[in-house]
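Chemist: sequence and predicted structure, then a few things I'm wondering about:
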Amino acid sequence: MKLKKILALTLALAMSASLCACGGGEEAPAPEAEGGDAAATLKIGGIGPLTGAVATYGVATQRGAQIAVDEINAMEDKAFAIEYDFQDDTGVAETAVSAYNTLKDWGVDVIYGTTTTGPCITIASETNADRIFQLTPSASSPDVTAGKDNVFQMCFTDPNQGVTAANYVKDTGLATKVGVIYNNGDAYSTGIAQGFIAQCASLGIEVVTEQTFPADTNTDFNVQLTACKDGGAELVFMPIYYTPASLVLTQADAMGYDPIFFGGDGMDGILNIEGFDTALAEGLLLLTPFNATSEDEMTANFVAKYQEAYGEVPNQFAADGYDCIYAIYNAVQQIDGALEMDQAALCDALIAVFTSADFSVDGLTGAGMTWQANGEVAKEALVVAVKDGAYAAQ
Amino acid sequence: MKKKSMSPASRSAFINYGIVIVAFVVVQILLGQGMVSNSLQSLLVPVCCYIVMAVSLNLTVGVLGELSLGHAGFMSLGAFSGIIVSFALQDIIAFGPLRLVISIVVGAIIGGIGGVLVGVPVLRLRGDYLAIVTLAFGEIIKNVIMVLYVGLDENGLHFATNQSNLNMSYEGVAIIKGPMGAVGVTRLATFTAGFILVLLTLIIVQNLVNSRSGRAILALRDNRIAAESVGISVTKYKLMAFVTSAALAGAAGALFGLNYSSTMATRFDFNTSILILVFVVLGGLGSIRGSMIAAALLYILPEMLRNFAISEYRMLIYAVILILVMLFTNNPQLKDLISKVIPKGKKKGGEANG
């Protein structure tokens, strides 16, 4: 019995020892303010999913930002160097909090992230309480920035995207009767669809049917397509990711239904699906801030570097990430003595720069991007159509 | 301090309380000294939640001997009902800790009701039905909350399946917004609250297991026919264990939900249920202490691996460690060694040694 007690005590000690070992180990490199460092560097901490179900997006934002960081650090006349650390959050809010706190222990100056919306809402209130500036490449819900003056977005908010799409349909006179298919288990999809439907109502476009599907079962869309067909929809708006969208297109073709399909930025990537007949996507419209096949010099340069480093064509998430780093770099440059400030002072200074009227960024995902006081980005939405297996600007 | 008359079971129970209190005091001292990193501080409350989850699941799986694959569903019920209660009482009760306690109690009640709903029909059956039904239950809860919109205005709470159907007044706030989950939650959970909840859970579970009812439950697990033949009511005792387990999960969920400013229903999916089951199995079926330690260590492990150069592979390493632990704890030579060190512990899962 005595042995058992000793064992229990040892375990208790081991438990607490493991706690303090971890705590003690990080004590040294975690000073509160970075001021007084020998080399003038800015510590940018990224958060996003590198593992798990949504890892594709996290990896893209991580790599896109890495290219920007490498470019800046390689500049000879750079204003300062950037230290960049990207922590995995597996797309889960509670893990994102640990990732964020790991970055805080590292002494982060600016948070770049998070990639996905759910964790970002949680992290945004953390950074807001800690007064650390945050710029997210792709978390698109308005809840991310609502009530937090220190959080800014590089992407459109979901409802905004829906509104833009509805305006486009109205302005070009594409259709008077539309059907909507969206994933009601997904915040992104639901957000865009709700924005679209509300804007259609105010513009007088008739939404003949709202069809939903859950996040778990997204392989059969015949019910939804039949409802659109029976309702006489001339255009089907589907703010969903490209994998289910490819199935929608295939099944619509099989049932001989040929309306105009219109998607959001999640549709970007549909032409690269293996085993998908891109002829089916012909005429598909999508909203995207980034076109990898663009002739634009900056884009071509980015795409070439990305392909060289990672062997694949970058998507809009990577481009958003690249733009985020440059936006932070440009903004910090405008602040006197930015690198000597602590996080809170830097945060306030960056908020002032980002919301000032004369601060704008020319990036891959838009020229002359500016930010509103509520953290939303103002930039041109680009509608592209698929033509001969490639994007063509409209 | 140690009375001769104390039974081995209650001695073991008191050792468990001791471990928890010592761990709490040590962490509090370290916190006071500023020796705990931010990343570790953020893990304290979730660790408490997962310990409660693991201990309560152990009651179903280890003590009752029924497999439950939907424990996260009860956690989800508790989390979202706790969040709604905390929102609704925001203007009435300004004192945060009291609101937290009420939320946790309501979370436990709702979790318990869920347990009754699932348990009453299913626990009458023989076989693996509970596993199947709880699996479905967890998914149903997840999908229901995913289309559930809850709003609050001066007229009270509004429930709908669509944001525009909430019919709130202009000042109304949406608390739960379908797939976006609960947003803008005031964080009330503290490590102290987590510690108290763990302690309460231990008191409830250990006293239940060591009581007359607990012996009836153990008898049902070991031989149902023999237990029935001496007049033990199968449904009553099975339900007692299962509902207690569900209610504790609900309480843990409420604490968990109030620890983050936003919570999504997808967090409480099948994977989370399995994660908790992994804690229970690796800690040893029926061993409350094992569940506690396994939950704490296995939850902190992937976060600690961040600090090494190999952090890219941390989830891979985590999985490998899980497999190794599973292999080693089932290794006969190792078991021999353990039984030499601990003479009486012949069979790990055999006795509910608390």
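Modeler: Alright, I've got the coordinates. Residues are numbered from 1 along each chain as shown, chains lettered A, B, ... in the order given.
Chemist: tell me the centre residue of chain A?
Modeler: Taking C-alpha atoms, centre = their mean, the centroid of chain A lies closest to residue A:138, which sits 1.2 Å from it.
Chemist: can you tell me how far the nearest residue to residue A:157 once chain neighbours are set aside is from residue A:287?
Modeler: Leaving aside its sequence neighbours, residue A:157 sits nearest to residue A:142 (C-beta to C-beta, 6 or more residues apart in numbering or on different chains; 4.8 Å). To be clear about C-beta, it is placed using only N, CA and C from the backbone, and glycine gets the same treatment. In this view, residue A:142 and residue A:287 are 17 Å apart by C-beta to C-beta, to the nearest Å.
Chemist: next, the residue in chain B sticking out farthest from the centre: phi, psi?
Modeler: The centre of chain B is farthest from one residue, residue B:170, which by C-alpha atoms, centre = their mean lies 38.2 Å away. Residue B:170 adopts backbone torsions of phi -60, psi -30, taken as degrees, to the nearest 10.
Chemist: who does whichever helix or strand residue A:63 is part of touch, helix- and strand-wise?
Modeler: For residue A:63, the host element (DSSP states H and E) is helix A:55-74. The helices and strands touching helix A:55-74, judged by 3 or more C-beta pairs under 8 Å, 6 or more residues apart in numbering or on different chains; DSSP states H and E, are strand A:41-48, strand A:81-88, helix A:297-310, helix A:316-333.
Chemist: what are the buried residues along it?
Modeler: Buried residues in helix A:55-74, counted by 16 or more other C-beta atoms under 10 Å in any protein chain shown: A:55, A:57-69, A:71-72.
Chemist: neighbouring contacts of that helix?
Modeler: With C-beta atoms under 8 Å, 6 or more residues apart in numbering or on different chains as the test, helix A:55-74 has contacts from A:44, A:46, A:48-50, A:78, A:81-82, A:84, A:86, A:88-89, A:91, A:112-113, A:115-116, A:137-138, A:302, A:305-306, A:309-310, A:314-315, A:317-326, A:329.
Chemist: buried subset of those residues?
Modeler: With burial judged by 16+ other C-beta under 10 Å, the buried subset of the contacts of helix A:55-74 is A:44, A:46, A:48-50, A:81-82, A:84, A:86, A:88-89, A:91, A:112-113, A:115-116, A:137-138, A:302, A:305-306, A:310, A:314-315, A:317-326, A:329.
Chemist: tell me the residues on the stretch 51-200 of chain B that lie near chain A, please.
Modeler: Within the stretch 51-200 of chain B, the positions near chain A by C-beta under 8 Å from any C-beta of the partner chain are B:139, B:143, B:146-147, B:163-164, B:177-181, B:183-184.
Chemist: coming back round to it: these two touch, right, the residue nearest to the centre of chain A and residue A:320?
Modeler: Yes. Between residue A:138 and residue A:320 there is a contact under C-beta atoms under 8 Å: 5.4 Å.
Chemist: between these two, what contacts are shared?
Modeler: By C-beta under 8 Å, 6+ apart, the residues touching both residue A:138 and residue A:320 are A:61, A:154, A:155.
Chemist: for those, which one is nearest residue B:202?
Modeler: In terms of C-beta to C-beta, no member of the shared contacts of residue A:138 and residue A:320 lies closer to residue B:202 than residue A:61, at 42.9 Å.
Chemist: who are the contact partners of residue A:197?
Modeler: Counting by C-beta under 8 Å, 6+ apart, residue A:197 makes contact with A:162, A:180, A:207, A:210.
Chemist: give me that answer again for 10 Å
Modeler: By C-beta atoms under 10 Å, 6 or more residues apart in numbering or on different chains, the contact set of residue A:197 is A:162, A:166, A:178, A:180, A:182, A:205, A:207, A:210, A:237, B:164.
Chemist: need the residues you listed in TSV with neighbour count and secondary structure, can you?
Modeler: Formatted as TSV, the contacts of residue A:197 follow (neighbours: other C-beta atoms under 10 Å in any protein chain shown; DSSP: H, G, I helix; E, B strand; the rest coil):
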residue	neighbour count	secondary structure
A:162	27	helix
A:166	24	helix
A:178	27	strand
A:180	26	strand
A:182	26	strand
A:205	20	coil
A:207	19	strand
A:210	19	strand
A:237	32	strand
B:164	11	helix
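Chemist: and these, which is the shakiest by pLDDT?
Modeler: Lowest in pLDDT among those is residue B:164, which has 75.
Chemist: you'd agree that residue is up against residue A:198?
Modeler: Yes. Assessed by C-beta atoms under 10 Å, residue B:164 is found in contact with residue A:198 at 8.0 Å.
Chemist: what about the most centrally placed residue in chain B, distance to residue B:286?
Modeler: Nearest to the geometric centre of chain B sits residue B:53, at 1.2 Å (C-alpha atoms, centre = their mean). Going from residue B:53 to residue B:286 by C-beta to C-beta gives 16 Å.
Chemist: try residue B:328
Modeler: In this view, residue B:328 and residue B:286 are 19 Å apart by C-beta to C-beta.
Chemist: before we move on, what about residue B:37?
Modeler: For residue B:37, the distance to residue B:286 - C-beta to C-beta - is 35 Å.
Chemist: so what's residue A:35 scoring on pLDDT?
Modeler: pLDDT at residue A:35 comes out at 41.
Chemist: what does the one 4 residues further on give?
Modeler: The predicted structure scores residue A:39 at 56 on the pLDDT scale.
Chemist: show me where the stretch 101-250 of chain B has its strands.
Modeler: Counting by DSSP state E, counting those that start in this stretch, the stretch 101-250 of chain B has strands at residues B:149-153, B:156-160, B:173-177, B:182-183.
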